[in-house]
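K.L.:
Return atomic coordinates for the entry below.
(one chain, ligands or ions: 1)
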Amino acid sequence: MHVSFNLAADIDAAMKTAAAAAGIGDAAFSPEVRAADPRHGDFQANGVLACAKREKQNPRALAEKLIAALPAGITARYDTAVAGPGFINFTLKPAALTEWLAAFGTAGKLAAGAASAYANQTWVVDYSSPNTAKQMHVGHLRSAVIGEAICRLLEYSGAKVIRDNHLGDWGTQFGKLIYGFKRWADKDALARDPISELERLYKLGNDATPPGSPELEEARRELVKLQRGDHDSLELWKLFSEVSKKAFDEIYQRLAIRFDHYLGESFYNDKLQPVLDELTQLGIAEESQGALVVFHPGHPRFAKQPFIIRKTDGAANYATTDLATMLHRVGHFHADGIVIVTDFRQSDHFEQLALTTQKWFAKTGRRMPRFHHVTFGAVLGEDGKPLKTRSTDGTAIKLKDLLDEAEERALAVLREKNAGRPETERFSDDECRAIAHHVGIGSVQYADLSQNRSSDYVFSWDKMLALEGNTAPYLLYAVARIRSIFRKAGVEPGAPASEAGASAPETPAELALARKLVKFADALRLATDTLRPHFLALYLYELASDYSAFNNADKVLTDDAPVRARRLALCARTLLTLETGLHLLGVRTLKRM
Ligand code: ARG
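P.N.:
Presented below is the predicted three-dimensional model:
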């Protein structure tokens, strides 16, 4: 019989069938099936209550009626019960658990199961997107890490994903930077640490050009020259972009991020005027106090606060570029979905962008893609204030320094642990370094991803590097521990011979683990549909905890062949799920640790 990857979706569909059989129309009933607290079964349908109210029926009686009308494929696999005022609990029968675990028992089968949800969809994900000639600091971590996880989740769910780094590589700041560069550039510093030097030059340029000064006029002339495409100005600008991109790429490499495109703001320079023309001709944009703006009448905020798409001085701005970007992503990439990952402070901008694009595309017969501005909170220090360096200048921590420190700290922990190991099991120092690289970077990534992205989070080295709790080290260690069991057993994880003759899960710990394993599909769906990776992280943590309980309760390598086989199978599935899940979060796993 066909086994569905997503069991909750399966039950959902079955409940709708049952409702139809019981004379309830689709419109009146949404089953609301979710993974349940294990004490109440595996899934719960919560939608009966609301439906009973509308249909003026007794909820428990309606629940009974629906259960009686469930298709045989469901009743064969689940024990059902009415709970509380009218919930329906579904508990997988052991044979159905085994059936699912067998159907999705390899990396290939698991991926194939997941890949139908977003099949034939193209998603453009715009993330990281730092400004050039500036250092990436800790604030840039979240967009990069969350964006990459979202890309992987969408991809795993079957979408074609286009990773686009929308660099802030154009704008008025370049007038002042060129002004500073021409006067004070230090060749050696530029060769040694180009971004720091550019930051210094921008600061000098900015300080030297106060409002109303002739120096500012000069900086403006530099900007105009650049905008007109003056050869020497463009050469300088190209240098800024190149050295910036090189510095960014070093960070991306450490985080295992690779972009398909770097279509920064400058890419859209020659695509702005047609957008302004079109919006004006369509009557969507209008002149207001010398600027070109879009009002959204009837909107609580944007009826009065318009979207400015051309400034009073006639220059295009961030909004103009983003409108052209929308058009390019739909027209050129044929995006069905667009995700832009920035902190929440840009919420108004993207809300206005979405509203404006909707009107514009509706009037021109273009298809409006799904659009998500994925926001996130701030990274705080342990004092609850935005994370800053300990130095007195109070500047934000450079992302590079942060990653360095992560690796160093992980290395220190590892070396200490290593020294306590029996001589024969010790890692060489090179091995320690390689492991520390994974653990250090992984800890930083995971600390970010394990939080609901909407909240601020406190950056704590001790917490993120701890071997206990919802941390990368805990999960990486669980993976390494399972791998070591297979090394001891002398078999490859998932090798069919090692699982031949396995009996069905039986002990409470085995059953709890198996029931957790089948929920992977749900966690994946939830994390992907909401674009919130922490749902997957939480699931992985719970899975690792259930595994640990199983490992403490039940000896895997027993002499009882059918029991050993079924326990090895559970170990292999746990390993597969943990490795797959961590990979989806962008965290690299280790075979030994
Ligand atoms: N460069 C911008 C910043 O650092 C983020 C760009 C986000 N993407 C976009 N299409 N506007 O804030």
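
K.L.:
Pull out the buried residues from the helix or strand containing residue 440.
P.N.:
According to DSSP states H and E, residue 440 maps onto helix 429-449. Buried positions in helix 429-449, judged by neighbour count with 16 or more other CB atoms under 10 Å: 432, 435-449. Yep, even glycine has a C-beta here, placed from its N, CA and C like the rest.

K.L.:
Can I get it in PDB? Just the C-alpha atoms.
P.N.:
Taking Å, rounded to 0.1, in the frame of the first residue of the first chain, the C-alpha atoms of helix 429-449 are listed here in PDB:
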ATOM      1  CA  ASP A 429      46.100  18.200  17.100                       C
ATOM      2  CA  ASP A 430      45.200  18.500  13.400                       C
ATOM      3  CA  GLU A 431      42.100  16.400  14.000                       C
ATOM      4  CA  CYS A 432      41.200  18.600  17.000                       C
ATOM      5  CA  ARG A 433      41.500  21.700  14.800                       C
ATOM      6  CA  ALA A 434      39.300  20.200  12.100                       C
ATOM      7  CA  ILE A 435      36.600  19.200  14.600                       C
ATOM      8  CA  ALA A 436      36.800  22.500  16.300                       C
ATOM      9  CA  HIS A 437      36.200  24.300  13.000                       C
ATOM     10  CA  HIS A 438      32.900  22.300  12.600                       C
ATOM     11  CA  VAL A 439      31.900  22.600  16.200                       C
ATOM     12  CA  GLY A 440      32.700  26.300  16.600                       C
ATOM     13  CA  ILE A 441      31.000  27.500  13.400                       C
ATOM     14  CA  GLY A 442      28.100  25.000  13.900                       C
ATOM     15  CA  SER A 443      27.500  26.300  17.400                       C
ATOM     16  CA  VAL A 444      27.200  29.900  16.200                       C
ATOM     17  CA  GLN A 445      24.900  28.900  13.400                       C
ATOM     18  CA  TYR A 446      22.800  26.600  15.500                       C
ATOM     19  CA  ALA A 447      22.500  29.100  18.400                       C
ATOM     20  CA  ASP A 448      20.900  31.500  15.900                       C
ATOM     21  CA  LEU A 449      18.700  29.000  14.200                       C
END
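
K.L.:
how far out from the middle of the chain is it?
P.N.:
19 Å (CA atoms, centre = their mean, to the nearest Å).

K.L.:
and if you look at stretch 152-167?
P.N.:
10 Å.

K.L.:
quick one on the thing from earlier: which other helices and strands contact the helix holding residue 440?
P.N.:
helix 139-156, helix 399-419, helix 461-464, helix 472-489, helix 534-553 (3 or more CB pairs under 8 Å, 6 or more residues apart in numbering; DSSP states H and E).

K.L.:
low pLDDT regions in the stretch 351-500 of the chain?
P.N.:
Applying pLDDT under 70 to the stretch 351-500 of the chain flags the ranges 390-394.

K.L.:
In it, which residue sits nearest the ligand?
P.N.:
Here the stretch 351-500 of the chain gets closest to the ligand at one residue, residue 353, 8.2 Å apart by CB to the nearest ligand atom.

K.L.:
list the contacts for residue 147?
P.N.:
125, 126, 127, 128, 163, 339, 341, 374 (CB atoms under 8 Å, 6 or more residues apart in numbering).

K.L.:
Try it again at 10 Å.
P.N.:
The contact partners of residue 147, by CB atoms under 10 Å, 6 or more residues apart in numbering, come to 125-129, 163-165, 257, 259, 339-342, 374, 376, 531, 586.

K.L.:
Go through the helices and strands packed on helix 429-449 and pick out the most buried.
P.N.:
Among the helices and strands packed on helix 429-449, ranked by average contacts under mean count of other CB atoms under 10 Å, first place goes to helix 139-156 (a mean of 24).
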